[in-house]
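Engineer: give me a model of this one.
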Amino acid sequence: MRAVMAGVAGVGKSTVLGIVSKKIQYDVVNYGTLMFEMAKELNLVADRDQIRKLSVDTQINLQKKASSIIGKMDNVIIDTHMAIRSPKGYLPGLPEWVVRELKVSSYFLIESDPALIKERRSRDDNRKRDSDTVEEIAEHQMVNRYFAVAYSVFTGATIRFVDNPEGKPENPSDIIVQSLVQHD
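Structural biologist: Residues are numbered from 1 along each chain as shown. Alright, predicted model coming up:
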């Protein structure tokens, strides 16, 4: 089985995923990291945050290559994004050719209050993120929901929207683990 866990930058997805991975027998693969490794090997980027600024065609080619690799894995949670905000607009993180290759059974969209996400981002020195307003973060979460529903309709996979409140990452983790166990 393949499950997707997604959320905007700063929502706490990595923290939640870390807890989930300790409780369940699934491998975790980060879609963006896989794409970054490919792009870096081709000398297209120096850091991961530059991927979303590559041409749309280049991003699509990287998506296709990464989905081909992940599509051969079993019992995996795919850490990714539903929508990628690029200079030209929102790009689907899981376009049709990707979801077809991945054969996802469940989607999980981690969400939080946009003001809380902005605060979390301001504390994260590990990434070179764009400085989004609270309104832009709210819009991105809304677009993520639209994309997630579209992916679910296209694939027939279940979808859960899971809130990640400040200081309680075990709450969304427990919901996700319970859903995955019930799905098996």
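Engineer: please make it C-alpha for all contacts and neighbour counts, starting now.
Structural biologist: Noted.
Engineer: hey, where'd the helices end up in this protein?
Structural biologist: For the chain, applying DSSP state H gives helices covering 13-23, 31-41, 56-70, 96-102, 114-122, 134-155, 170-183.
Engineer: and Asn75, how many neighbours does it have?
Structural biologist: Asn75: 14 surrounding residues under other C-alpha atoms under 10 Å.
Engineer: got the contact list for it?
Structural biologist: Neighbour list for Asn75: Met1, Arg2, Gln25, Tyr26, Asp27 [criterion: C-alpha atoms under 8 Å, 6 or more residues apart in numbering].
Engineer: quick one, what contacts the most centrally placed residue in the chain?
Structural biologist: Nearest to the mean C-alpha position of the chain, by C-alpha atoms, centre = their mean, lies Thr80 at 2.3 Å. Thr80 sits next to Val4, Met5, Ala6, Gly7, Asn30, Tyr31, Gly32, Gly93 when contact means C-alpha under 8 Å, 6+ apart.
Engineer: cool, Val28 as well?
Structural biologist: By C-alpha under 8 Å, 6+ apart, Val28 lies in contact with Ser21, Val76, Ile77, Ile78, Asp79.
Engineer: and which of the contacts of Asn75 is nearest to Asp57?
Structural biologist: Arg2 (25.9 Å; C-alpha to C-alpha).
Engineer: which residues does the closest one form beta bridges with?
Structural biologist: Note on Arg2: beta-bridge partners by DSSP bridges are Val76.
Engineer: contacting residues around it?
Structural biologist: Residues near Arg2 by C-alpha under 8 Å, 6+ apart: Asp74, Asn75, Val76, Ile77, Ile78, Leu102, Lys103, Val104, Ser105, Ser106.
Engineer: quick revisit: most neighbours among the contacts of Val28, which one is it?
Structural biologist: Within the contacts of Val28, most neighbours by other C-alpha under 10 Å means Ile77, with 28 neighbours.
Engineer: returning to what we had before: tell me which of the contacts of Arg2 is nearest to Leu116?
Structural biologist: Ranked by distance to Leu116 (C-alpha to C-alpha), these are led by Ile78 at 24.2 Å.
Engineer: quick check: that closest one touching Met1?
Structural biologist: No: the criterion here is C-alpha atoms under 8 Å, and Ile78 misses it with Met1 at 10.7 Å.
Engineer: distance of the residue with the largest distance to the centre of the chain relative to Arg145?
Structural biologist: The centre of the chain is farthest from one residue, Asn43, which by C-alpha atoms, centre = their mean lies 23.8 Å away. As for Asn43, its distance to Arg145 is 33 Å (criterion: C-alpha to C-alpha, to the nearest Å).
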